[in-house]
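Undergrad: got a sequence here, can you build the structure:
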Amino acid sequence: MRTYEQDAETLQPPWPFTGREEELELVRGSSAAGRPGIVVTGPAGHGKTRLITEAVRGTEHALVTGTPEAQGLPFAAFAHLLPDTVSLHHAVRTLSGVRLLVVDDAHLLDEASAALVHQLAVHGRTRLVVAAVDGVPAPAAVSRLWTGELLPRLALGPLPCEDVARLLGAAGLEPLTVRRLHRMCRGDLRLLRDLVAALGPAGRLHPVAGTEERAWRGALPVTAAVRERLAPVLDRSHPGERDVLERLAFAEPLPLPLDDLEPAALDALETLEADGLVHVDDDTGDVALAHPLHGPALRATTGRLRARRLSGAPVPYGPALEAERRLLLRCMEQLDVRPAPAPVGEWLVAEGAYLPAGYAAVRARFARLRGELRDAAAWAREGLRQAPGHAACLAELRLAQGEVGDGSGDDAFGRYDAVRLGAPERVLGRLPAGSVFARHAEALARGDGAGLDRVAEELEERGFLLFAAEARAQAVRAHRDPRAARVSRTRAVALARRCQGARTPALAGLVLGELTARQRQIVALAASGLSNREIAERLTLSVRTVGNHLYSAYSRLGTGDRGALPWLVDSPERASA
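TA: Prediction:
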């Protein structure tokens, strides 16, 4: 059976495939022999097509794609697979030999093609991998694939920020720029790619001192993709609605003064809320634009004179920044670093304004405790822009770059470093009584693997991802049951991957001791980025032998993900040992 492709360009990869390991395995498993297939749904641009492309790569399959231009033509999507004139019954029989059928943009299928896909699912001889966009009309025969439980459904969420950061790593973008792009695009990878491509030629990327990274500050480049994405906002025909949108855009991140609005403007605001373009906070009553891309786009497309009038006098952001600083300090005092709302600092950084160094140091510490080490370094550098010698920012920059204290600090976090270094006996009784830090010290001192796992769960719940990864790694060494150790190891790796390349003593050489000398050597080379063929050439082995060693190592390490290897080894440079 040959592979038929209606339009090879629709599946050409624009960027390296990144993240989605669990979803990839799910799609691969669902399209394997003996399985009926799967439907992958999600908003436009979330990477459904790319995920399916990776899942079926190397397998024999037929591809059909729905298009808006052909929705009125019967069996248009299957034109390359069927005779010119065919009935539904004949079409099902003709395609009975296709073992794997990929249906892209199924929401755009003509009714006859949709019915054919449904009948193939009913007959069950053809495995189907179907992609459809959420929130748009689709033929009933398509939606019945999952509502009728013919096929399982995978609802694809946005790519997590840590995976977006990996995706943009080759572009050399600094972390606060990555987060800004991730926040604006909300998982729309096509829009993300368009913005990244536009920033360089537009001269919006500037080098970050002391690094090889570049930062985006200032206005949004309004590309064709941005205009298309924001047509419902930028093309509002009612002048009152556009006026309200622009006033909100220039009021961000402050609440809109509703008392100043005329009745007509309030009517327009109600219409915009009904259309899903503005959001009203249930707790505060504040009104905000519904999408984080709306404000920058409206500000970038507003005329200079009107922008000057809407901007008004400079807003005193000091009190708002101080409120955010106190909020973050209070969270840290309560040993809870789950995400906390602090939009004013983010907005000022995006605009290229200077941040008070004291505020930046607190933001850096909060990010570091969450395991967001590159973010922490970026916040510290923002503070150093205004105050180059600021002691707290310099200290946070050093800590974000991998330093761990010796456990002699005066506060809970300083003393807790002794636990992270594996010396809990030094601080037993000195950590806050009953706290998760104290329980971590006690479990580690006892060598209690299960207790360390429980501590790790609470640390993760409280937002301490790096500390949770370290507790899991310590549990690996404490467990006597190999199965429990493998579970802890797998979870330690998953958490460490979310910590922006963290390398700490607790994570170093996590499990290499369980491997043979040859396996350790091959794993270290694989972790450094070498392919199986390159490893084979360096070690004078066959590619098959390298593959077998890696397979055995994966079984012992509790992972099948090559991308996780750097978190499992002490240092890729060990390959030469």
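
Undergrad: use CA for all of it now, contacts and neighbours both
TA: OK.

Undergrad: who's in contact with stretch 344-364?
TA: Residues outside stretch 344-364 that contact it (CA atoms under 8 Å, 6 or more residues apart in numbering): 177, 180, 216-219, 253, 317, 320-322, 324-325, 328-329, 375-380, 382-387, 390, 392-393, 396-397.

Undergrad: now that stretch: mean pLDDT?
TA: Stretch 344-364 shows a mean pLDDT of 93.

Undergrad: do the same with stretch 86-99
TA: Mean pLDDT, computed over stretch 86-99, is 91.

Undergrad: how distant is it from the center of its chain?
TA: Remark: stretch 86-99 is offset 40 Å from the chain centroid, using CA atoms, centre = their mean, to the nearest Å.

Undergrad: ok so, going back, just the contacts of stretch 344-364: which are in strands?
TA: Using DSSP state E, W216 are the members of these that sit in strands.

Undergrad: what's the neighbour count on V419?
TA: Using other CA atoms under 10 Å, V419 has 27 neighbouring residues.

Undergrad: what sits against it?
TA: Taking CA under 8 Å, 6+ apart, we find V419 in contact with G407, V427, H440, A441, L444.

Undergrad: chain center to stretch 352-364, what's the gap?
TA: Its chain's average C-alpha position is 25 Å from that of stretch 352-364, according to CA atoms, centre = their mean.

Undergrad: and stretch 276-292, by the same measure?
TA: On the basis of CA atoms, centre = their mean, stretch 276-292 sits 24 Å off its chain's mean C-alpha point.

Undergrad: enumerate every residue touching the residue nearest the centre of the chain.
TA: Among the residues of the chain, P160 comes closest to the average C-alpha position under CA atoms, centre = their mean, at 1.4 Å. P160 sits next to G187 when contact means CA under 8 Å, 6+ apart.

Undergrad: same check, this time on R299
TA: Shown in contact with R299 (CA under 8 Å, 6+ apart): A219, E246, A249, F250, A307.

Undergrad: how close does the third one sit to L220?
TA: In this case it means A249. Here A249 is placed at a distance of 13 Å from L220 (CA to CA, to the nearest Å).

Undergrad: now do the shared contacts for these two.
TA: Joint contacts of A249 and L220 (CA under 8 Å, 6+ apart) are P296.

Undergrad: give me the buried subset of the contacts of R299.
TA: Listed as buried from these are E246, A249, F250, A307; burial here means 16 or more other CA atoms under 10 Å.

Undergrad: okay if I get these as CSV plus secondary structure and distance to L355?
TA: As requested, the buried ones among the contacts of R299 are exported to CSV (DSSP: H, G, I helix; E, B strand; the rest coil; distance: CA to CA, whole Å):
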residue, secondary structure, distance to L355
E246, helix, 26
A249, helix, 21
F250, helix, 20
A307, helix, 23
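
Undergrad: which of these sit farthest apart?
TA: Spatially, the most separated pair among the buried ones among the contacts of R299 is A249 and A307, at 10.0 Å (CA to CA).

Undergrad: show me the two of the contacts of V419 that sit farthest apart.
TA: Largest pairwise distance in the contacts of V419, by CA to CA, is 15.0 Å, between G407 and L444.

Undergrad: higher neighbour count, these two?
TA: Using other CA under 10 Å, the more surrounded residue of G407 and L444 is L444, with 24 against 21.

Undergrad: who's in contact with that one?
TA: Applying CA under 8 Å, 6+ apart to L444 gives the contacts V419, G422, P424, L452, Q474.

Undergrad: OK, contacts around P316?
TA: P316 makes no contacts at all, as judged by CA under 8 Å, 6+ apart.

Undergrad: er, L277 actually
TA: Contact partners of L277, counting by CA under 8 Å, 6+ apart, are V233, L289, A290, H291.

Undergrad: domain parsing for this protein?
TA: For the chain, automatic domain parsing gives the domain ranges 4-155, 161-227, 230-311, 318-400, 412-497, 512-576.

Undergrad: and the next helix or strand past the helix-or-strand element of the chain with minimal mean pLDDT?
TA: Lowest on mean pLDDT, DSSP states H and E among the helices and strands of the chain sits strand 4-5, with a mean of 42. Sequence order places helix 21-30 as the next helix or strand after strand 4-5, per DSSP states H and E.

Undergrad: now the element after that next one, going C-ward?
TA: Sequence order places strand 37-42 as the next helix or strand after helix 21-30, per DSSP H and E.

Undergrad: and that following strand, how far out from the chain middle?
TA: Put simply, strand 37-42 sits 20 Å off its chain's centre (CA atoms, centre = their mean).

Undergrad: what is the helix or strand just after that strand packed up against?
TA: The helix or strand immediately downstream of strand 37-42 is helix 48-56, counting by DSSP H and E. Counting contacts by 3 or more CA pairs under 8 Å, 6 or more residues apart in numbering; DSSP states H and E, helix 48-56 packs against helix 21-30, strand 37-42, strand 127-133.

Undergrad: what about the stretch 201-350 of the chain, any weak spots by pLDDT?
TA: Applying pLDDT under 70 to the stretch 201-350 of the chain picks out residues 252-261, 313-315.

Undergrad: strands along that one, start to end?
TA: 205-207, 214-216, 278-280, 287-289 (DSSP state E, counting those that start in this stretch).

Undergrad: on that earlier part again, could you dump the contacts of V419 to JSON lines with secondary structure, distance to T67 and pLDDT?
TA: JSON lines is the format used below for the contacts of V419 (DSSP: H, G, I helix; E, B strand; the rest coil; distance: CA to CA, whole Å; pLDDT from 0 to 100):
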{"residue": "G407", "secondary structure": "coil", "distance to T67": "62", "pLDDT": "65"}
{"residue": "V427", "secondary structure": "coil", "distance to T67": "65", "pLDDT": "93"}
{"residue": "H440", "secondary structure": "helix", "distance to T67": "57", "pLDDT": "98"}
{"residue": "A441", "secondary structure": "helix", "distance to T67": "60", "pLDDT": "97"}
{"residue": "L444", "secondary structure": "helix", "distance to T67": "59", "pLDDT": "97"}
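
Undergrad: and L428, that's in a helix?
TA: No - assigned with DSSP: H, G, I helix; E, B strand; the rest coil, L428 falls outside any helix and is coil.

Undergrad: if we can go back for a sec, write the ChimeraX selection for whichever of the contacts of stretch 344-364 are buried.
TA: Of the contacts of stretch 344-364, the buried ones can be selected in ChimeraX as follows, counting by 16+ other CA under 10 Å:
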select :177,180,216,217,218,253,320,321,324,325,328,329,375,376,377,378,379,380,382,383,384,387,390,392,393,396,397
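
Undergrad: ok, the buried ones among the contacts of R299 vs D104, which is closest?
TA: Using CA to CA, the shortest approach to D104 within the buried ones among the contacts of R299 belongs to A249, at 36.7 Å.
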